[in-house]
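Trainee: give me the fold of what follows.
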Amino acid sequence: SDWSSDVCSSDLYVAAMGPLSGTSGRGRAVFSRVCAVCHRLDGVGVTFGPDLASLADRSRPYLATHILDPNRVVEPSYMLYIAITADAQTVAGILAEESGDSVTMLGLDGSRRVILRSQLRSLASTGLSPMPDGLEASVTPQDLADLVAFIGGMDVAAKP
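Mentor: Take a look at the predicted model:
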C-alpha cells in the first residue's frame, strides 16, 4: 500500500503504526537511513538537530507525532533561518551564534558560516523546523514503529 497517498494526516499514520511491534535493531537502520543526516543518537549520525538522547517524553505517540509533524512544536533554537547577504547569496540554517558584528549560521550540511552584519542584507526566521515534512512518503508504518523503538530506547511489542 502507498501510505503517502492513502494516509492524509500524521495522526492516521500514527494510528496505523499502533498495532505494530517495533525493534530498536531495525529502528537503528531506519534512523541511519532517514534521520542520521541531521540527528545523532547512540553513536549514529551527526549533530545538527536537537539531542534526541535528552528527550523527556519517549512515548510512542509523542515520538511518532513529532517525527511525522516536525512543525507541531519547534524550539526557537532549532528554527530554520534564511540569511541574504549583500552580494545576494542565500544561506539557510539554524542560528548558531549572534554577536554585535556577526551571525553564525549552522548550515543544513553541518557547515558553520560566519556572516558579518555589515554584509547581511536580511535575516529572518521561517518559523519552521529544518526537519522535512512528509517523512511518511519514505517510511512505512513498520519503519516508524521500529524507529520509535530505537529513539525511545526500547523494543515495543504490539498490543494484543
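Trainee: report the central residue of this protein.
Mentor: Met131 (3.8 Å; Cα atoms, centre = their mean).
Trainee: lowest average confidence, helix or strand, in this protein?
Mentor: helix 3-6 (a mean of 44; mean pLDDT, DSSP states H and E).
Trainee: next secondary structure after that helix?
Mentor: Once helix 3-6 ends, the next helix or strand along the chain (criterion: DSSP states H and E) is helix 10-17.
Trainee: Ala83 bridge partners, please.
Mentor: Note on Ala83: beta-bridge partners by DSSP bridges are Val91, Leu123.
Trainee: assign a three-state SS to the residue nearest to the centre of the chain, would you?
Mentor: Of the three states, Met131 takes coil under DSSP: H, G, I helix; E, B strand; the rest coil.
Trainee: which ones are touching the residue lying closest to it once chain neighbours are set aside?
Mentor: Closest residue to Met131 apart from its sequence neighbours, by Cβ to Cβ, 6 or more residues apart in numbering: Pro70 at 3.7 Å. All C-beta atoms are positioned from the backbone trio N, CA, C, and that covers glycine. Applying Cβ atoms under 8 Å, 6 or more residues apart in numbering to Pro70 gives the contacts 129, 131-133.
Trainee: Pro70 belongs to a helix?
Mentor: No - counting by three-state DSSP, Pro70 falls outside a helix, being coil.
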